[in-house]
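Novice: Just a sequence and a predicted model for now, questions to come.
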Amino acid sequence: MNKLTLAAMRLPLAAQRILAKDPSAECRTALSASPYTDPSVLRTLTRDRIPGVRRFAYLRTDDVEALTAELTRPRAGIATPYAARNPLSPKELLVRALASPNEQTALGAYVNPATPEDERRKITPERATEIAAVGGSNHDRVVRAHELVTNNSWMLERAATWDGNVRRALAGLPQATAEHLDLITAAGRAGSMAVRRHPLRHAGLKNRPVDAWGTLELSMLGGPALDLLVMNRDDFDVAAARAIINRRNECEAEPHVIGRIVNRFGPEALEHDTVPAMVLWSGTRFDAASWVAPVMGFLTFNMPTEWASLRPAIASLDSDVNAWEMFLQLIDESWQGTAREAADAAFNLLR
């Protein structure tokens, strides 16, 4: 039974508090990455002795003292870029982070809406390339560029001056005008697909204006700008999110869109009637999306089966601290039965 999968689920506070003290650093890390983890538990995790555990907790914690301590370190650590992405971090430290020699810390501040815009506007094309270009896959670079421009849509004012990766991301903004798209196209081939699938150019929208389409209908069409546009609609729901997630071939969702959906609706948005959506994606697309939604790094291909098994146990255990402690001890000891049977056994042992 995979305790990491359990830590990524929607759990009662009692269970979260127990898992926050679990001997396994990997389990505590999965809990810190989960979008469901309570702020009080995140405060505990930001003080974990393992930096790898602390890093994801910094993304959502309301512990300003911990964020301040991380951003005032003499040298950036593994968790510092995550503290720079938290909107509750002190503004003066976010401004300082923009100039950090650690590119990922600087990127964290540039994608943070709390960093003063007038300071973010000082970014140069060279600096944008430097902080968004990382090793690994093209998807890793794409997701960073998309997050950069999503928080800095004013970069469209100089649409042609950025590198191809950033121009591709700019073409994926709903705010892009026809003039912006023309400038991006004239500057090179980068972003041609995003331009074609922009709401202003999308072939599927020629006969009906965007406003005449239902949210679920638009979710099925595909295109990074269109996805961001539809995600901002008031009636965007899990059904529409899954329509985006389950598109295939050249209509597959970009990693930043996938990550945003998971952060908003939880990993359950990746479940499917037959197989989880992530089975059908390339590993690089899935890994890149975890930069936006770290919990994705702790999901398995058989997640729907595991979650279907775990949910009855979670409902049964509810907020009983003693039962949760016994349950977790049992599944740590190579329990061979179902999760619900482990929960029943925990209650029996406590009688």
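Specialist: On my side now, so go ahead.

Novice: Quick check: which ranges of this protein have low pLDDT?
Specialist: In the predicted model of the chain, residues 1, 272-282 satisfy pLDDT under 70.

Novice: Is it correct that Y110 is in contact with R120?
Specialist: Yes. Using Cβ atoms under 8 Å, Y110 is in contact with R120, at 5.8 Å. Backbone N, C-alpha and C define where each C-beta goes, glycine included.

Novice: quick one: which helix or strand includes G136?
Specialist: Applying DSSP states H and E as the criterion places G136 outside every helix and strand.

Novice: Enumerate every residue touching it.
Specialist: Residues counted as contacts of G136 (Cβ atoms under 8 Å, 6 or more residues apart in numbering) are T284, D287.

Novice: For G77, see how far away it is.
Specialist: With distances taken as Cβ to Cβ, to the nearest Å, G136 is found 20 Å from G77.

Novice: ditto for P116
Specialist: Separation of P116 from G77 (Cβ to Cβ): 24 Å.

Novice: again with A20
Specialist: Applying Cβ to Cβ to A20 and G77 gives a distance of 21 Å.

Novice: These two: which has the busier surroundings?
Specialist: A direct count of neighbours by other Cβ atoms under 10 Å for A20 and G77 places A20 higher, at 23 against 16.

Novice: who's more crowded, Y110 and R120?
Specialist: Neighbour tally, Y110 and R120, criterion other Cβ under 10 Å: the higher count belongs to Y110, 26 against 21.

Novice: quick revisit: between Y110 and R120, which contacts overlap?
Specialist: With Cβ under 8 Å, 6+ apart as the test, Y110 and R120 both reach L98, N151, N152.

Novice: And the residues you listed, which is closest to M296?
Specialist: N151 (20.4 Å; Cβ to Cβ).

Novice: Could you measure from the closest one over to V53?
Specialist: Using Cβ to Cβ, N151 is found at 26 Å from V53.

Novice: go on, R75?
Specialist: Between R75 and V53 the distance, using Cβ to Cβ, works out to 20 Å.

Novice: just A346 next, same as before
Specialist: 26 Å.

Novice: likewise T161?
Specialist: 40 Å.

Novice: Neighbour count for the two, which is higher?
Specialist: Each of T161 and V53 had its neighbours counted (other Cβ under 10 Å), and the higher figure belongs to V53 (23 against 14).

Novice: tell me what the helix or strand where that one lies is packed against?
Specialist: Assessed by DSSP H and E, V53 sits inside helix 51-60. In terms of contacts (3 or more Cβ pairs under 8 Å, 6 or more residues apart in numbering; DSSP states H and E), helix 51-60 is packed against helix 25-33, helix 39-45, helix 64-71, helix 80-84.

Novice: report the angle between the axes of the third one and helix 51-60?
Specialist: So the one you mean is helix 64-71. Helix 64-71 runs at 120 degrees relative to helix 51-60, counting by axes from the mean of the first three to the mean of the last three Cα atoms, to 10 degrees.

Novice: Only C-alpha atoms, please: export the longest helix belonging to the chain in PDB.
Specialist: Looking across the chain with DSSP state H, the single longest helix is helix 303-317. Backbone C-alpha positions of helix 303-317 (Å, rounded to 0.1, in the frame of the first residue of the first chain) are rendered in PDB as follows:
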ATOM      1  CA  MET A 303      -3.500   6.000  -8.800                       C
ATOM      2  CA  PRO A 304      -7.300   5.600  -9.600                       C
ATOM      3  CA  THR A 305      -7.200   2.000  -8.300                       C
ATOM      4  CA  GLU A 306      -5.300   3.000  -5.200                       C
ATOM      5  CA  TRP A 307      -7.500   5.900  -4.400                       C
ATOM      6  CA  ALA A 308     -10.700   3.900  -4.900                       C
ATOM      7  CA  SER A 309      -9.300   1.500  -2.300                       C
ATOM      8  CA  LEU A 310      -8.200   4.200   0.100                       C
ATOM      9  CA  ARG A 311     -11.300   6.400   0.100                       C
ATOM     10  CA  PRO A 312     -13.600   4.000   2.100                       C
ATOM     11  CA  ALA A 313     -10.800   3.600   4.700                       C
ATOM     12  CA  ILE A 314     -10.400   7.400   5.000                       C
ATOM     13  CA  ALA A 315     -14.200   7.900   5.400                       C
ATOM     14  CA  SER A 316     -14.200   5.200   8.100                       C
ATOM     15  CA  LEU A 317     -11.200   6.500  10.100                       C
END
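
Novice: ok, residues contacting it?
Specialist: By Cβ under 8 Å, 6+ apart, helix 303-317 touches 1-2, 5-6, 9-12, 15, 267-268, 270-272, 275-276, 278, 300, 323-324, 327, 338-340, 342-344, 346-347.

Novice: Show me the residue at the heart of the chain, geometrically.
Specialist: By Cα atoms, centre = their mean, the chain has its centre lying nearest to A293, at 1.9 Å.

Novice: what's that residue sitting at in phi/psi?
Specialist: The phi/psi pair for A293 (degrees, to the nearest 10) reads phi -120, psi 90.

Novice: Distance to H146 for the helices and strands packed on helix 51-60 - can I get that in TSV?
Specialist: Formatted as TSV, these follow (distance: least, Cβ to Cβ, whole Å):
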stretch	distance to H146
helix 25-33	20
helix 39-45	26
helix 64-71	24
helix 80-84	17
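
Novice: Please identify the deepest-packed of these.
Specialist: Highest mean neighbour count of the helices and strands packed on helix 51-60: helix 80-84, a mean of 27 (counted as mean count of other Cβ atoms under 10 Å).
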